[in-house]
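**Q** From the sequence below, what's the structure:
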Amino acid sequence: MMKDSIFTITENKNIAKNVYRMTLEGDTSAIRNPGEFINIRLEGFYLRRPISVYDVSDTAVTIIYKVVGKGTAAMSALSVGEKLQVLTGLGNGYDLTVSGDHPILLGGGVGVPPLYLLAKRLLAQGKRVSVVLGFNTADEVFGEAQFKALGCDVTVTTVDGSYGVKGFVTDALPDSYTYFYTCGPEPMLKAVYRATTTSGQMSFEERMGCGFGACMGCSCKTVTGYKRICKDGPVMRKEEILWEA
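**A** Sure, this is the predicted structure:
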């Protein structure tokens, strides 16, 4: 159930190159599943900013975002104590019931954050969780220590080889796993689609207008027709995706 509420910033911290972690205190009751997102209203901007949920408690939600434009730059300048109007309970999230005993989580850049809450929930089910985090360079890396602290097997890749395994997340796939979950830019998702040997779920990063399915501006092609990333996604099953040529 979608809710529009006022949240108070309790943290807004730079954690890597152009990457910030923000914690917002407020009514989180509409946030239920890993992979859901929130939509933040910023003063002076017409469109809200959709950001994946990194972690959630009964009283607060944490997000991790990258400064890529004027909106996220404005977010990075906000101070503790300021208030934001936030839509919560958006997106369909990941299905945890099909993971098998040893799921692998593959995240690229700001596709990493929604995998953290997913890892927590899978570990709580007694699953062995492997995580591969992909970045371009060492100064963009974040999340490694946090996933390890949960109890995940963690591998970090960088495109330039400045940290961890040189290459992409697909270069660090384990020999065996029962299922995969992934989030990242479309070129990465396509590569994961081709490289994985099991079924899985993919969370798409897409620029959104409304965030709840009214504008059809974030559609993607599937075996059953076009689906809206914000409403029908952002998570799609591997088998339903039809990649454009």
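
**Q** Any stretches of the chain with poor pLDDT?
**A** Along the chain, the parts satisfying pLDDT under 70 run over 205-233, 242-245.

**Q** max-length strand in it?
**A** Taking DSSP state E as the assignment, the strand of the chain that covers the most residues is strand 3-16.

**Q** mind saving the C-alpha coords of that strand as PDB?
**A** Output of strand 3-16 as PDB, limited to C-alpha atoms (Å, rounded to 0.1, in the frame of the first residue of the first chain):
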ATOM      1  CA  LYS A   3       1.900   6.100   1.400                       C
ATOM      2  CA  ASP A   4       2.900   9.700   1.200                       C
ATOM      3  CA  SER A   5       4.500  10.800   4.400                       C
ATOM      4  CA  ILE A   6       6.900  13.400   5.900                       C
ATOM      5  CA  PHE A   7      10.300  12.000   6.900                       C
ATOM      6  CA  THR A   8      13.100  13.700   8.900                       C
ATOM      7  CA  ILE A   9      16.700  13.300   7.800                       C
ATOM      8  CA  THR A  10      18.900  11.800  10.500                       C
ATOM      9  CA  GLU A  11      22.000  11.100   8.300                       C
ATOM     10  CA  ASN A  12      23.300  12.200   5.000                       C
ATOM     11  CA  LYS A  13      26.800  11.000   4.600                       C
ATOM     12  CA  ASN A  14      29.300  10.700   1.700                       C
ATOM     13  CA  ILE A  15      30.500   7.100   1.700                       C
ATOM     14  CA  ALA A  16      32.300   6.800  -1.700                       C
END
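
**Q** chain center to the helix or strand that that strand is followed by, what's the gap?
**A** Using DSSP states H and E, the helix or strand that follows strand 3-16 in sequence is strand 19-25. From the chain centre to the centre of strand 19-25 is a distance of 14 Å (C-alpha atoms, centre = their mean, to the nearest Å).

**Q** and whatever helix or strand comes next after strand 19-25, which residues are buried?
**A** Under the assignment DSSP H and E, the closest C-terminal helix or strand after strand 19-25 is strand 37-41. For strand 37-41, the neighbour count (16 or more other C-beta atoms under 10 Å) marks 37-40 as buried. Bear in mind the C-beta positions are built from the backbone N, C-alpha and C, glycine included.

**Q** What of stretch 41-52?
**A** Buried, per 16+ other C-beta under 10 Å, within stretch 41-52: 42, 48-52.

**Q** try stretch 16-33
**A** Result for stretch 16-33 [16+ other C-beta under 10 Å]: buried residues 16, 19-24, 26-28, 30-31, 33.

**Q** go on, stretch 152-161?
**A** By neighbour count with 16+ other C-beta under 10 Å, stretch 152-161 contains the buried residues 152, 154-158.

**Q** I'd like those as a markdown table, with distance to L84 appended.
**A** Shown next, in a markdown table, are those (distance: C-beta to C-beta, whole Å):
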| residue | distance to L84 |
| --- | --- |
| C152 | 31 |
| V154 | 31 |
| T155 | 35 |
| V156 | 31 |
| T157 | 34 |
| T158 | 33 |
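
**Q** what sits opposite the closest residue to R48 other than its chain neighbours in the beta ladder?
**A** Closest residue to R48 apart from its sequence neighbours, by C-beta to C-beta, 6 or more residues apart in numbering: N39 at 4.2 Å. Beta bridges link N39 to P50, L87 when assigned by DSSP bridges.

**Q** quick one: N39 from P50, how far?
**A** 5 Å (C-beta to C-beta, to the nearest Å).

**Q** and what of I38?
**A** Counting by C-beta to C-beta, the gap from I38 to P50 is 7 Å.

**Q** Which residue ranges make up each domain of the chain?
**A** If you go by automatic domain parsing, the domain ranges for the chain are 3-90, 96-201, 206-245.

**Q** before we move on, back to that, just the closest of the buried residues of stretch 152-161 to L122, please.
**A** The closest of the buried residues of stretch 152-161 to L122 turns out to be C152 (C-beta to C-beta; 9.0 Å).
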